[in-house]
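Q: Whatever this is, show me its structure:
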Amino acid sequence: MEKKNQFETSVVKPSLSFFEKDQEYRLIEFSTEVELDSKITEIENFMRNNHGEGESDEVKDKLYANAIQLWDEYASILRNCKYTFYLNKKQYQFLTDLIIDKMEYDVNTVFFAIELTDMLGTWRNIGTNKDENFLQSYQTNATEITYIYHLISKYKVKGLSHASYRFAEVLKKIGSISKIIGYYDTVAKNLSKDIQDWVASFEPEEFKKSPNELEKV
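A: Model (predicted):
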């Protein structure tokens, strides 16, 4: 009988873009999304269409190696993935002032802050539009976004001042990217477990029974 295994992630894919003033802004390039999703589908289809039960150990090892290679390719794409962080002039200035002048750092965070300050300095040279509402795009990676959130999440604001709203705006933008990172990371973990379960399915059913069940055979 044909086996019908389901290898699908249980997490919901978040939005990879947002709209502002009737314009769409993508948080990752469309080509990157296609590359990641295609690799996920390729791994799932490989497991659905290949079964090692009854095959030689050599064939089983080859199937496993091929699946791991596909997973490694997916992980490599994810590690090198760039995200687009959009900030208007006031949001950028708020984030810069916060990290440079307002936050307190200890031995665990000061080096993170120095790296981010260097990055923000590079970003400053990118933004040339004088319109305060213009959304400037900045390229970042998962580590940098995590660093930014780790640092500024400790900041506290009093009342609902302009700074409070600016703080909320920046956190929301970080959160949108973090959801994408979390989704694809979770998919990677789920696929890794699926591969292990798939390999375990290569063994005949009688070898999967518990010792007590085997005695009854």
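Q: gap between the nearest residue to residue 42 once chain neighbours are set aside and residue 77?
A: The shortest distance from residue 42 to any non-neighbouring residue, by C-beta to C-beta, 6 or more residues apart in numbering, is to residue 70 (6.0 Å). Where C-beta positions appear, they are placed from N, C-alpha and C, glycine not excepted. In this structure, residue 70 and residue 77 are 11 Å apart, going by C-beta to C-beta, to the nearest Å.
Q: which one of these two has more residues nearby?
A: Higher neighbour count among residue 70 and residue 77: residue 70, with 20 against 15, using other C-beta atoms under 10 Å.
Q: Show the contacting residues for that one.
A: Going by C-beta atoms under 8 Å, 6 or more residues apart in numbering, residue 70 touches 39, 42-43, 46.
Q: Show the buried residues in these.
A: 39, 43, 46 (16 or more other C-beta atoms under 10 Å).
Q: Residue 107 falls within a strand, correct?
A: No. Applying DSSP: H, G, I helix; E, B strand; the rest coil, one finds residue 107 to be coil, outside a strand.
Q: Can you pull the phi/psi pair for it?
A: When read as degrees, to the nearest 10, the backbone of residue 107 gives phi -60, psi -20.
Q: Dump the stretch of helix or strand residue 36 belongs to to CSV, keeping only the CA atoms.
A: Element membership for residue 36, per DSSP states H and E: helix 30-49. The C-alpha trace of helix 30-49 is given here as CSV (Å, rounded to 0.1, in the frame of the first residue of the first chain):
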residue,chain,number,x,y,z
PHE,A,30,10.3,38.5,-3.8
SER,A,31,13.1,36.4,-5.3
THR,A,32,14.3,35.4,-1.8
GLU,A,33,10.8,34.4,-0.8
VAL,A,34,10.5,32.2,-3.9
GLU,A,35,13.9,30.7,-3.3
LEU,A,36,13.1,29.8,0.3
ASP,A,37,9.6,28.5,-0.4
SER,A,38,10.7,26.5,-3.4
LYS,A,39,13.4,24.8,-1.3
ILE,A,40,10.8,23.9,1.4
THR,A,41,8.6,22.4,-1.3
GLU,A,42,11.5,20.5,-2.8
ILE,A,43,12.4,18.9,0.6
GLU,A,44,8.8,18.0,1.3
ASN,A,45,8.3,16.5,-2.2
PHE,A,46,11.6,14.5,-1.9
MET,A,47,10.4,12.8,1.3
ARG,A,48,6.9,12.2,-0.1
ASN,A,49,8.3,10.6,-3.3
